[in-house]
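> have a look at this fold, sequence not included:
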């Protein structure tokens with residue numbers, strides 16, 4: 001822009017030498033063009049969504065997918081700009097509606113290592129759904145990526161989810177009743193650190209009630225009953241302890 005101003009000054013001097021008034025139509029047109037160019041450059045600096053953002057090409061292609069939402073409320077997926085794989089996109093999540101009608105759950109930056117559609121760079125994202133929506137109730141779900149034009153819907157995503165949060169009643173029952181039973185019955189193969197609520201709750205939730213899981217089809221019951229590949233075999237003797245306590249724990253978590 002400085003070179004344009006220098007050329008303009010030379011141009012004005014030549015006009016003056018030839019007797020052309022300094023406020024001629026040519027001069028006014030050139031002046032307006034220079035001022036407009038300055039304004040456009042300043043606007044592009046101030047507004048990253050004006051024109052082509054820095055580091056992007058005019059044919060940017062945005063891709064994203066929400067791969068899974070676990071019964072514990074963990075969202076996993078990936079998002080990227082294929083024209084600028086060094087850019088980290090933001091992904092926004094909404095519940096009980098879309099970006100217009102729903103509530104915003106939060107956002108995640110897609111810059112983690114992991115599966116991202118086999119694209120160069122790191123574009124995975126992970127997000128924990130807030131506890132108030134891990135209530136065992138089905139919720140409508142929508143995800144959007146942020147692009148220069150606004151937010152774009154991620155079409156490859158679940159339409160709904162049902163997530164769970166451990167209850168205090170369930171935690172108390174596990175610690176006071178089931179954990180001692182497991183420690184006395186299973187300590188020959190499992191350490192005290194392994195016999196813990198945080199390790200066993202995901203097994204109780206697999207499959208979740210929303211997926212058809214019951215008090216006797218969850219993984220921890222099936223392991224204790226010897227119904228899965230369990231080195232300790234059947235520890236319940238046909239429905240006794242600790243299986244009976246696992247059933248009661250399941251009820252405390254999902255039937256109250």
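Everything's here; your move. Keep in mind the model is a prediction, meaning the values are calculated, not measured.
> low-confidence regions, the stretch 1-150 of the chain specifically.
1-59 (pLDDT under 70).
> can you pull out the strands in it?
Assigned by DSSP state E, counting those that start in this stretch, the stretch 1-150 of the chain shows strands spanning 62-69, 74-81, 90-95, 103-109, 124-128, 139-147, 150-153.
> care to break the protein down by domain?
Taking automatic domain parsing as the domain assignment, the record places the domains of the chain at 2-46, 62-161, 168-254.
> measure the longest one end to end?
The one in question is domain 62-161. Terminal residues of domain 62-161 lie 25 Å apart, using Cα to Cα, to the nearest Å.
> what residues does stretch 238-256 touch?
Around stretch 238-256, the neighbours that count as contacts under Cβ atoms under 8 Å, 6 or more residues apart in numbering are 136, 164, 166-167, 169-170, 172-174, 177-178, 181-182, 185-186, 201, 204, 209, 214-216, 218, 220-221, 224-225, 235-236. In short, each C-beta sits where N, CA and C put it, glycine included.
> buried ones among those residues?
164, 166, 170, 173-174, 177-178, 181-182, 185-186, 201, 204, 209, 215, 218, 220-221, 224-225, 235-236 (16 or more other Cβ atoms under 10 Å).
> tell me the pLDDT at the closest residue to residue 131 other than its chain neighbours?
If the residues on either side of it in the chain are set aside, residue 131 comes closest to residue 165, at 5.0 Å by Cβ to Cβ, 6 or more residues apart in numbering. At residue 165, the predicted lDDT confidence score is 98.
> tell me where this protein has helices.
Taking DSSP state H, the helices of the chain run over residues 2-17, 25-46, 168-173, 179-186, 197-204, 219-224, 243-254.
> for stretch 239-246, which positions count as buried?
Quick answer for stretch 239-246 (16+ other Cβ under 10 Å): 241, 242, 243, 245, 246.
> tell me how far the closest residue to residue 181 other than its chain neighbours lies from residue 216.
What sits nearest to residue 181 in space, not counting adjacent residues and going by Cβ to Cβ, 6+ apart, is residue 242, at 4.3 Å. From residue 242 over to residue 216 the distance is 13 Å, taken as Cβ to Cβ, to the nearest Å.
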